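Student: structure of the sequence below:
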Amino acid sequence: MKVAIVGKGQIGSNIEKKMKEKNIDKILTIDVNPDTRPDYPTVKEFNRSNQAKVYIICVLTQKQLTDVVSDIDLTNNPLISIETACNPDSYKKVKDIVKDKAKVIVFQERWNPNDDFHSIFNQPRVMGGDYEEGRKFYTRYMMYENIITTDKPELAVLCKIVENAYRFVEITIAEELKILTNEDFEELRRLINTKWNINIAEARDGIGGHCLPKDIKIVDEYFPGNILFSKAILVDKMYKELIKKI
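Tutor: Numbering: from 1, shown residues only. Down below sits the predicted model:
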């Protein structure tokens, strides 16, 4: 079976690596930016010579997601797996594009860098949408019981971005404690973390990367009027401004 992984970033590269290790399918890679990755075809270029049965989409934004789906050749009635963390209405937008010409699932990655125990295919992951078709494909790579299904695909999308927003909030608790306690923070953190059910995070240079800041912003905008998520964004901004002065 031909499987096309769309997006050659960190997630797409690791999915490709793990799938090739299984040696089950023919894995093909597509990238969405021909300017930075000229060695990989775009979806339109790929369509000229290939028809994949499964498209695993690992792009960064919802616009990239819908642009990619609009370019996919649907004559083969493929399975489209959305692994992009984006707005909760992304599943509906993709279904509106493909109609009944493709099966669509939300199956967003869970992955921890340099941690094979929490790798792409060996931990529970949430699947929504046409999950009967999706489960048939992914059980060739992972255990059946690790595929957690929901009849509400928008919650499968929301699940991923709230996971990252939760982690963002956890870190901002540490940041605010460091603002409040200054040089006593590390000793206070050590003492607090002796309790079995508490683990205060480290407070480093502010929350970076693209996943956590991007996803908490989506959650903040999706739930207008929320208190905690919007305050966490403010705390991180204040903390970054403070450490610049130190």
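Student: double-check that residue 114 belongs to a helix.
Tutor: No: residue state for residue 114 (DSSP: H, G, I helix; E, B strand; the rest coil) corresponds to coil; a helix is not indicated.
Student: from residue 10, how far out is it?
Tutor: 12 Å (C-beta to C-beta, to the nearest Å). C-betas here are computed from N, CA, C, even on glycine.
Student: tell me which of those two has more neighbours.
Tutor: residue 10 (15 against 5; other C-beta atoms under 10 Å).
Student: skipping adjacent residues, who's closest to that one in space?
Tutor: Leaving aside its chain neighbours, residue 10 sits nearest to residue 113 (7.9 Å; criterion: C-beta to C-beta, 6 or more residues apart in numbering).
Student: next up, phi/psi of that neighbour, please.
Tutor: Torsion angles at residue 113 (phi, psi; degrees, to the nearest 10) stand at phi -60, psi 140.
Student: quick check: the gap between it and residue 160.
Tutor: In terms of C-beta to C-beta, residue 113 sits 16 Å off from residue 160.
Student: neighbour count winner among these two?
Tutor: residue 160 (24 against 7).
Student: got the residue ranges for the strands in this structure?
Tutor: Using DSSP state E, the strands found in the chain span residues 2-6, 26-30, 54-57, 79-82, 103-106, 125-129, 147-150.
Student: which of those strands comes out lowest on mean pLDDT?
Tutor: The minimum mean pLDDT among those belongs to strand 26-30 (a mean of 88).
Student: can you list the strands that that one pairs with?
Tutor: Sheet pairing for strand 26-30, assigned by DSSP bridges, gives strand 2-6 (parallel).
Student: quick check: buried residues in the partner strand?
Tutor: Within strand 2-6, the residues that count as buried by 16 or more other C-beta atoms under 10 Å are 3-6.
Student: got TSV for the strands of the chain, with distance to residue 223 too?
Tutor: TSV is the format used below for the strands of the chain (distance: least, C-beta to C-beta, whole Å):
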stretch	distance to residue 223
strand 2-6	29
strand 26-30	34
strand 54-57	25
strand 79-82	21
strand 103-106	19
strand 125-129	19
strand 147-150	19
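Student: quick one, which of those strands gets closest to residue 171.
Tutor: For the strands of the chain, proximity to residue 171 was assessed by C-beta to C-beta; strand 125-129 is nearest, at 22.7 Å.
Student: now for the closest one, which elements pack on it?
Tutor: Here strand 125-129 touches helix 90-98, strand 103-106, helix 131-138, strand 147-150, helix 153-181, going by 3 or more C-beta pairs under 8 Å, 6 or more residues apart in numbering; DSSP states H and E.
Student: how about these in TSV, adding distance to residue 53?
Tutor: Formatted as TSV, the helices and strands packed on strand 125-129 follow (distance: least, C-beta to C-beta, whole Å):
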stretch	distance to residue 53
helix 90-98	14
strand 103-106	10
helix 131-138	9
strand 147-150	19
helix 153-181	21
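Student: so what's the spatially most central residue of the chain up against?
Tutor: For the chain, residue 85 is the residue whose C-alpha lies nearest the centre (C-alpha atoms, centre = their mean; 4.2 Å). Applying C-beta atoms under 8 Å, 6 or more residues apart in numbering, we find residue 85 in contact with 108, 157, 160-161, 164, 211, 214-215, 218.
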